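Engineer: Please work out how this folds:
(chains A and B)
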Amino acid sequence: KQEVTQIPAALSVPEGENLVLNCSFTDSAIYNLQWFRQDPGKGLTSLLLIQSSQREQTSGRLNASLDKSSGRSTLYIAASQPGDSATYLCAVIPSGNTPLVFGKGTRLSVIA
Amino acid sequence: DAGITQSPRHKVTETGTPVTLRCHQTENHRYMYWYRQDPGHGLRLIHYSYGVKDTDKGEVSDGYSVSRSKTEDFLLTLESATSSQTSVYFCAISGTGREETQYFGPGTRLLVL
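Structural biologist: Below is the predicted model:
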């Protein structure tokens, strides 16, 4: 059974700092991996999707990498801002069009 | 943003009553999902659908049923609500294709007294 772990559970950083969020998964035979953002009381917003054949994806200040062989993905946020404060969730798609398996998220606070 | 709506957005009900939550999409996507989100457990899959009248169980399906009679609507029913079903419920959709992401609705907050 695929399991997804995110460490740390919570992180607080000063504004402007570059930071890395970690995601690990137990079964390397994945189809895709997706990173989401969730603001308090809100739904999930998709940030980046990495296909299993890809090594990384970039969107603005966000860069997500994928290392299938080691069962790891990282989300890099450059020059963090208070508006980046949210919970970031990593999810694995085990095979085509199957439901996501989620980690429990990392709650990020960026302090001005 | 993908066109997904959930109704109701908030509901308070009593133990033992039936409850139906609705997810409606305007994207004509084939796949629809129901998740629940609870502190300490994260997001867990309840049921999903891979087409009209085609559904399958997820990790936490006990006490829940679903129906999909049209592409755009996916209903989640709690046959007899219990306090353990107090949660936030999210609907998600996805299309076919390798690059398809899952898009989530705004959620329904359900309180069972």
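Engineer: and the helix-or-strand element of chain B with minimal mean pLDDT, what other elements does it pack with?
Structural biologist: Lowest by mean pLDDT, DSSP states H and E among the helices and strands of chain B is strand B:103-104, with a mean of 92. Using 3 or more Cβ pairs under 8 Å, 6 or more residues apart in numbering or on different chains; DSSP states H and E, the elements in contact with strand B:103-104 are strand A:44-51, strand B:87-94. In this view, the C-beta of every residue, glycine as well, is placed from N, C-alpha and C.
Engineer: Name the stretch among those strands that sits most buried.
Structural biologist: strand B:87-94 (a mean of 23; mean count of other Cβ atoms under 10 Å in any protein chain shown).
Engineer: Show me what from chain B comes close to chain A.
Structural biologist: B:30-31, B:33, B:40-45, B:48, B:50, B:58, B:90, B:92, B:94, B:96, B:98-107 (Cβ under 8 Å from any Cβ of the partner chain).
Engineer: Buried only: go through the residues you listed for me.
Structural biologist: Neighbour-count burial (16 or more other Cβ atoms under 10 Å in any protein chain shown) is assigned, among the residues of chain B next to chain A, to B:30-31, B:33, B:42-45, B:48, B:58, B:90, B:92, B:94, B:100-105, B:107.
Engineer: what residues does chain A put near chain B?
Structural biologist: A:31-32, A:34, A:36, A:42-46, A:49, A:51, A:89, A:91, A:96-97, A:99-100, A:102-105.
Engineer: Please list only the buried members of those.
Structural biologist: Buried among these by 16+ other Cβ under 10 Å: A:32, A:34, A:36, A:43-44, A:46, A:49, A:89, A:91, A:97, A:99-100, A:102-105.
Engineer: okay, residue B:8: pLDDT?
Structural biologist: pLDDT for residue B:8: 97.
Engineer: Not counting its neighbours along the chain, what's nearest it?
Structural biologist: Closest residue in space to residue B:8, ignoring its immediate chain neighbours: residue B:108 at 6.2 Å, by Cβ to Cβ, 6 or more residues apart in numbering or on different chains.
Engineer: Show me what residue B:23 bridges to in the sheet.
Structural biologist: residue B:6, residue B:74 (DSSP bridges).
Engineer: the strands in chain A, which residues?
Structural biologist: A:4-7, A:10-14, A:19-25, A:32-38, A:44-51, A:56-59, A:62-67, A:72-77, A:86-93, A:101-102, A:106-111 (DSSP state E).
Engineer: Serialize those to a markdown table and add fields for mean pLDDT.
Structural biologist: Conversion of the strands of chain A to a markdown table gives the following (pLDDT from 0 to 100):
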| stretch | mean pLDDT |
| --- | --- |
| strand A:4-7 | 95 |
| strand A:10-14 | 96 |
| strand A:19-25 | 97 |
| strand A:32-38 | 95 |
| strand A:44-51 | 92 |
| strand A:56-59 | 95 |
| strand A:62-67 | 96 |
| strand A:72-77 | 97 |
| strand A:86-93 | 96 |
| strand A:101-102 | 93 |
| strand A:106-111 | 97 |
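Engineer: would you turn those strands into JSON lines with distance to residue B:112?
Structural biologist: Putting the strands of chain A into JSON lines (distance: least, Cβ to Cβ, whole Å) gives the following:
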{"stretch": "strand A:4-7", "distance to residue B:112": "28"}
{"stretch": "strand A:10-14", "distance to residue B:112": "29"}
{"stretch": "strand A:19-25", "distance to residue B:112": "32"}
{"stretch": "strand A:32-38", "distance to residue B:112": "23"}
{"stretch": "strand A:44-51", "distance to residue B:112": "23"}
{"stretch": "strand A:56-59", "distance to residue B:112": "39"}
{"stretch": "strand A:62-67", "distance to residue B:112": "37"}
{"stretch": "strand A:72-77", "distance to residue B:112": "35"}
{"stretch": "strand A:86-93", "distance to residue B:112": "24"}
{"stretch": "strand A:101-102", "distance to residue B:112": "23"}
{"stretch": "strand A:106-111", "distance to residue B:112": "26"}
